[in-house]
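>>> Structure, please.
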Amino acid sequence: QSLHTTVLGPTGEPLEVQIRTWDMNYLAEYGIAAHWRYKEGGRGLDDLDTKLTWIRQALEADHEGTSDSSEFLDRLKDDVLSSEVFVFTPQGEVVSLPNGSTPLDFAFAIHTQVGMQCVGAMVNNRIVPMGHELQNGDIVKIITSAQGAPSRDWLKFARSSKARGKIKSYFRNLEKSERMEKIQRGRDLLEREVHRRGTPEFKDFEELTPLLNKIAKDAGQGNGEDLLAAIGGGGQSVSLIAQRLAGKVQTQQQPAQPLPMPQEAEKQTSFTAKKGESVIIVEGAEGVQVVLANCCYPVPGDPIVGFSTRTRGITVHRADCENVKTAKEERIIGVSWGNTGNKRFTARLKLEGTDRNGLFGDVAEAIGAADGSLSGVKAGVVGGNLARMKIEVRVRDLEHFYAIVAKINAVKGMIQVTRG
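Just a heads-up that it's a prediction; the model follows:
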């Protein structure tokens, strides 16, 4: 029981005052609480009792003149107040905080909004960093701004559970809001891309949700919303997803008529499945229509890149193809060779040699000797004695291709063999 107040002295330092009668003091020191402990049969003093006992002893020693006031305050801070720190507002109100607290903890202890809009702090009329450790008796002033907002770095400074909880809650809500914005942006981008391609036909975007969920799992995403968020955040190619979406719809519409793999050079097509089964592997995707380009004729062993087309899926080119060098970067897709097995691929060669009887027969024989096969040829004579040929051969891989080139170079009268 006390009449309790805090006032500020002439120098701005707070002074806490408790006024008691002797009866009030006796009751507070030895009354109801002590009587209750006696009735409960307490066997010892708890931590609070120990601290209060220390204060009583310190006060008695102080009255006896065995210690001065500054020594008493130092002992009080070190021995009794080690688990908490007591600081003041500029108006003189006492705020109790966990030991090691910072101005950030103080701001959230005053009010959540004060903490959220905190942009700086002053301790004892001096500007301090957010990580400044508060001491007993500090006068703390928080500087706020309507534009202020929490930073993730604040979690490094905050000590109190209230401050840390409010900061984490803010970022959870922020991430949720940002995710919804990314999902909406991804949906808008995908819807525009699908409409631009002209397929598939659907009345409502929601009809595509099951297909998006399947594509999301293939792409390593949790569900369709995760996939849309990745598109909206720039982490997933909208062109690639639209292409796969069109392929999924076509498959559902014609389940009994799978597309065959043509054997012509211009139509060497496969559909990516599992990595162990597909000729071409598209990074982060499965089930995408893939066509080997007929401008550069890549074969297994060549460095390759993919190019997203509007109607033919992904066209695979050699990395040094001139058409790829001028392509837009956002339409380039990462691809690699998969399981080619015993399949044969078309490669093109340009030959120049001295014209003679039997030259073409010797070239065909050299190709056969290297276990290759001739699939196309165009030939002519320039200047009366220079034979030029453009031939297409079927090879297993790049090593096999070079073996055929070596055989052709050994043909009598052959001047130059280059890749077409």
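>>> Every contact and neighbour count from this point should use C-alpha atoms.
OK.
>>> can I see the domain layout of the protein?
Structurally, the chain divides into domains by automatic domain parsing as follows: 85-159, 170-253, 265-337, 345-419.
>>> Report the distance from the last one to the chain centre.
Pointing back at domain 345-419 there. Relative to its parent chain, domain 345-419 has a centroid offset of 51 Å by CA atoms, centre = their mean, to the nearest Å.
>>> Distance across that domain, terminal residue to terminal residue?
14 Å (CA to CA, to the nearest Å).
>>> Do I have it right that Ile415 meets Glu352?
Yes - counting by CA atoms under 8 Å, Ile415 touches Glu352, with 5.5 Å between them.
>>> that older thread, which of the domains of the chain comes out lowest on mean pLDDT?
Of all these, the minimum mean pLDDT falls on domain 170-253 (a mean of 74).
>>> if we can go back for a sec, out of Ile415 and Glu352, which sits in the more crowded spot?
Glu352 (19 against 14; other CA atoms under 10 Å).
>>> Kindly confirm my reading that the more buried one is in a strand.
Yes - assignment of Glu352 by DSSP: H, G, I helix; E, B strand; the rest coil places it within a strand.
>>> can you tell me which helix or strand the nearest residue to it once chain neighbours are set aside belongs to?
Nearest in space to Glu352, with sequence neighbours left out and distances taken as CA to CA, 6 or more residues apart in numbering, is Arg388 at 4.7 Å. Secondary structure from DSSP states H and E places Arg388 in strand 386-395.
>>> What residues of the following helix or strand past that strand count as buried?
For strand 386-395, the following helix or strand on the C-terminal side (DSSP H and E) is helix 398-409. Residues Leu398, His400, Phe401, Ala403, Ile404, Val405, Lys407, Ile408, Asn409 are the ones in helix 398-409 that count as buried (16 or more other CA atoms under 10 Å).
>>> which residues does the second one contact?
Applying CA atoms under 8 Å, 6 or more residues apart in numbering, we find His400 in contact with Ala370.
>>> Next, find the distance separating it from Gly338.
His400 sits at a distance of 17 Å from Gly338 (criterion: CA to CA).
>>> and what of the first one?
Leu398 sits 14 Å away from Gly338, taking CA to CA as the criterion.
>>> likewise the fourth one?
Summarising the geometry, the distance separating Ala403 from Gly338, computed by CA to CA, is 22 Å.
>>> try the fifth one
Spatial separation of Ile404 from Gly338 under the definition CA to CA is 23 Å.
>>> give me the number of residues near Ile241?
23.
>>> For my notes, confirm it occurs in a helix.
Yes - judged by three-state DSSP, Ile241 forms part of a helix.
>>> What residues does His317 make contact with?
By CA under 8 Å, 6+ apart, the neighbours of His317 are Leu292, Ala293, Cys295, Cys296, Tyr297, Pro298, Ile304, Val305, Gly306, Phe307, Val324.
>>> where does it fall, phi/psi-wise?
phi -120, psi 160 (degrees, to the nearest 10).
>>> same question, Thr5
The phi/psi pair for Thr5 (degrees, to the nearest 10) is phi -150, psi 170.
>>> I'd say it and Pro14 touch.
No - contact criterion CA under 8 Å: Thr5 and Pro14 do not qualify, at 10.3 Å.
>>> right, and Gly313 touches Gln289 too?
Yes - if you go by CA under 8 Å, Gly313 and Gln289 touch, sitting 4.9 Å apart.
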